[in-house]
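Engineer: Here is my input, please return the structure:
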Amino acid sequence: VLRESPRVPARWQATPDCERPVRWREVLITDEDCKLQREEAAVAAQAAAARAGQPATTYSELVPSLMTVEQFLAANERAEARGRLLAVKFYSQ
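Structural biologist: Sure, this is the predicted structure:
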């Protein structure tokens, strides 16, 4: 005979599963899963804080016009120093 699980009390409904007592968790989740979720949230928060500390860049700084071979070579060196790929789109008249 299947027994319906008791309804989650109103006090726990707005609380995330990992912060609830095991009895009131809606998803079958273990304490180890909760620990992993907390670690992932901490890493994401650190990454967001690091990104927030970076100065804002404009589009023209991100995508400069390359008019000369020297500008192209300089952009290529900057990309290589950052471990990035330089993509160039050519327009013809």
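
Engineer: Averaged pLDDT, stretch 23-43. What do you get?
Structural biologist: Stretch 23-43 shows a mean pLDDT of 82.

Engineer: Tell me the buried residues in that stretch?
Structural biologist: Neighbour-count burial for stretch 23-43 flags 24, 25, 34 (criterion: 16 or more other C-beta atoms under 10 Å). The way it works is simple: take the backbone N, C-alpha and C, and place the C-beta from them, glycine included.

Engineer: chain center to that stretch: distance?
Structural biologist: In terms of C-alpha atoms, centre = their mean, to the nearest Å, the centre of stretch 23-43 is found 18 Å from the chain centre.

Engineer: Show which residues not belonging to that stretch make contact with it.
Structural biologist: By C-beta atoms under 8 Å, 6 or more residues apart in numbering, the surrounding residues in contact with stretch 23-43 are 8, 9, 12, 17, 18, 22.

Engineer: Can you add secondary structure, distance to residue 64 and neighbour count and give those back as a markdown table?
Structural biologist: A markdown table is the format used below for these (DSSP: H, G, I helix; E, B strand; the rest coil; distance: C-beta to C-beta, whole Å; neighbours: other C-beta atoms under 10 Å):
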| residue | secondary structure | distance to residue 64 | neighbour count |
| --- | --- | --- | --- |
| 8 | coil | 55 | 15 |
| 9 | coil | 59 | 9 |
| 12 | helix | 54 | 16 |
| 17 | helix | 48 | 17 |
| 18 | helix | 46 | 17 |
| 22 | helix | 56 | 11 |
